[in-house]
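Trainee: Just the structure for this:
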Amino acid sequence: MGFPGTWMTETESMVYRVVPKCACSTIGQIMYYSDHGEYFDGDIHDAKSGIHKWALDNSQDAISRNVQSHQSYAFTSVRNPYTRILSSFFDKICGIQRNGKRYRGNLVPMLAARYGIEFGGEDGKEEFDQIRSFRRFLLFARDTIRWRRPMDPDIHWSAMSGHISTFIVNGGTYDNIFWTEQFDEGMQRVLDATETQHSIDLTAIPRFNESENHGPKRTHPVADYFDDLSMHLVYEIYKRDFNLFKYDFENPGNKMPVSEIDLDEVHAKLGD
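Mentor: Predicted coordinates for the structure are as follows:
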């Protein structure tokens, strides 16, 4: 299986396991800058050079050798499951993607037909009942993850623990897993632990949130989107994420973690 979703700087100063919707654009750009002294011109997900990616055939040997022998500092980042699934809905379902089209072609029309989801009209900017449509999207997300229908689960709403586990199962070891809610503090620990070609001031970097302007703005507090049934569905989907990465399931309005991540626990429980 190898190391899908794994990126590494060309200098092999650091290794990162991408977790979608967890600041991956920003982290990738920081990695690129640390080697080259400039940011990639465009979406870092489109970069075919200047950074090693498992998806690039000529990077796989270098990544495998490095990760299996734990030669470099390896890390990833996680996010509160409530805000992550909300972000996935507004970006991928309601938003127009950077290519000017809807995400995954006929996905959105299918959701409208099968689940009665509204998504802001053709341009993603019309008003609609965000709470009702999001809760219907949750049913769809649960169906994809629990029963793999009407499609396989998408990487943007499949559990973080699933992404993170592939790195461990295939021989990788994490030195750090940090919360996006404390991004500067967590990313600074990564930079402090590595030797880079170019130093980075995290307080001065641009924003690289590629989904920021894709779709409609969220019009309600996070907690308003989750009633008792919605919370049950979220826990059904993301139970391991809440438990391993120490987020507060009981209060959707609290995006902050409630205790420290135990790396030994993560490796033990996701390494099976």
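
Trainee: mind checking how far the top strand by length along the chain is from the chain centre?
Mentor: Taking DSSP state E as the criterion, the chain has its longest strand at strand 73-78. Put simply, strand 73-78 sits 12 Å off its chain's centre (CA atoms, centre = their mean, to the nearest Å).

Trainee: helix or strand for the residue nearest to residue 115 when sequence neighbours are not counted, which one?
Mentor: In space, and not counting its chain neighbours, residue 115 is closest to residue 136: 4.7 Å by CB to CB, 6 or more residues apart in numbering. All C-beta atoms are positioned from the backbone trio N, CA, C, and that covers glycine. In the assignment (DSSP states H and E), residue 136 maps to helix 130-147.

Trainee: tell me the angle the very next helix or strand once past that helix makes with strand 73-78.
Mentor: Remark: after helix 130-147, the chain's next helix or strand is helix 160-169, criterion DSSP H and E. Here helix 160-169 runs at an angle of 170 degrees relative to strand 73-78 (axes from the mean of the first three to the mean of the last three CA atoms, to 10 degrees).

Trainee: Could I get the average pLDDT for helix 160-169?
Mentor: Averaging pLDDT along helix 160-169 gives 98.

Trainee: Then stretch 220-236?
Mentor: Stretch 220-236 comes out at a mean pLDDT of 97.

Trainee: How about stretch 97-116?
Mentor: Stretch 97-116 carries an average pLDDT of 88.

Trainee: what's that stretch in contact with?
Mentor: Stretch 97-116 is contacted by residues 43, 91-93, 95-96, 117-119, 136-137, 139-140, 150-151, 154, 210, 214 when judged by CB atoms under 8 Å, 6 or more residues apart in numbering.

Trainee: From those residues, keep the buried residues only.
Mentor: Buried residues within the contacts of stretch 97-116, counting neighbours by 16 or more other CB atoms under 10 Å: 91-93, 95-96, 117-119, 136-137, 139-140, 154, 210, 214.

Trainee: among the residues you listed, which two are most distant?
Mentor: 139 and 210 (26.8 Å; CB to CB).

Trainee: Report the angle between the lowest-mean-pLDDT helix or strand in the chain and helix 130-147.
Mentor: Least confident helix or strand, the chain: helix 107-115 with a mean of 92, by mean pLDDT, DSSP states H and E. Orientation check (the same axes, to 10 degrees): helix 107-115 against helix 130-147 gives 90 degrees.
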